[in-house]
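Undergrad: Okay, here's the prediction I keep looking at, along with the sequence it came from:
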Amino acid sequence: MGWLRQLQRWIRRLFTKSRKQHAPTILKRWYGKNCAVLRLERTTAGGIATYRVVSIYGRDYLITLDYLPDLHGEVVGEFNGIIIKLGSLDYPSNPATHRFAVFRLGSNGSSCPVGVWDVDLEGFTPKYSLRELAPRRAVAGVALQCLKIPNSSKTPSLSWESQMGRVDWLGLLEEKIRAELSNPNHSLRACVITGGNLA
């Protein structure tokens, strides 16, 4: 689970107080009534898209999308500054193309995985450009959906935080990728890597 440790180390660096700040570059921002969504630059292997949902209520979320062939490659060395990898055949029959992950972030730099899944976000798409673009747009749609979640301070079960705890992240991703691929029957063929507990 080296990927998870790398990502959690990257998250911890967001919160470390040092002389030299290692804050990621914010590529784009969207604002809603209860939260903001930040698209972040992430330079880890396979990193395609990273979004941070910053809540006004205290709990933030990190949504990431990584390209599996880049994650599963094994680094065997470096030559003239170029990293050399060998592909991994851990799961040769798994049709998954991407790793989709959602983390709940603590103010102290801790992170708790809400869920990590290997999913197929390409399907049988003949166009290379669509295979590149559709997963990025789908995960952006998932992140931006958080802006639409209302808050009711009168009913605890309808508070923004409570509703975020009940989001069906995988179902939302499937809805978005089906729209992007224009294929209402596309299946994610999801494989659960890890799930967290929001309690």
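TA: Sure, I can see it.
Undergrad: Please count neighbours and contacts with C-alpha atoms only from this point.
TA: OK.
Undergrad: contacting residues around the helix or strand that contains Ser129?
TA: Ser129 belongs to helix 128-145 when assigned by DSSP states H and E. With Cα atoms under 8 Å, 6 or more residues apart in numbering as the test, helix 128-145 has contacts from 30, 37, 48-49, 51, 53, 63-65, 121-122, 125, 169, 172-173, 176-177, 180-181.
Undergrad: helix or strand right after that helix?
TA: helix 160-165.
Undergrad: Give the buried residues for that following helix.
TA: By 16 or more other Cα atoms under 10 Å, the buried positions in helix 160-165 come out as 160-161, 163-164.
Undergrad: Next: stretch 55-65.
TA: For stretch 55-65, burial by neighbour count (16+ other Cα under 10 Å) applies to 55, 60-65.
Undergrad: And stretch 117-135, by the same measure?
TA: Neighbour counts using 16+ other Cα under 10 Å place 117-123, 131, 134-135 of stretch 117-135 among the buried residues.
Undergrad: show me where this structure has strands.
TA: 26-31, 35-40, 47-55, 60-67, 74-79, 82-86, 98-105, 111-119, 191-195 (DSSP state E).
Undergrad: The residue most central in space within the chain and Glu132: what is the separation?
TA: Centroid-nearest residue in the chain: Thr64, 1.7 Å away (criterion: Cα atoms, centre = their mean). Here Thr64 is placed at a distance of 16 Å from Glu132 (Cα to Cα, to the nearest Å).
Undergrad: next one: Leu27
TA: On the measure of Cα to Cα, Leu27 and Glu132 end up 19 Å apart.
Undergrad: returning to what we had before: now tabulate the buried residues of helix 160-165 in TSV and tack on pLDDT and distance to Pro150.
TA: Output for the buried residues of helix 160-165, formatted as TSV (pLDDT from 0 to 100; distance: Cα to Cα, whole Å):
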residue	pLDDT	distance to Pro150
Trp160	91	6
Glu161	90	10
Gln163	93	8
Met164	93	10
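Undergrad: How many neighbouring residues does the residue nearest to Ser110 when sequence neighbours are not counted have?
TA: With sequence-adjacent residues excluded and distances taken as Cα to Cα, 6 or more residues apart in numbering, Ser110 is closest to Arg12, at 6.6 Å. By other Cα atoms under 10 Å, 16 other residues sit near Arg12.
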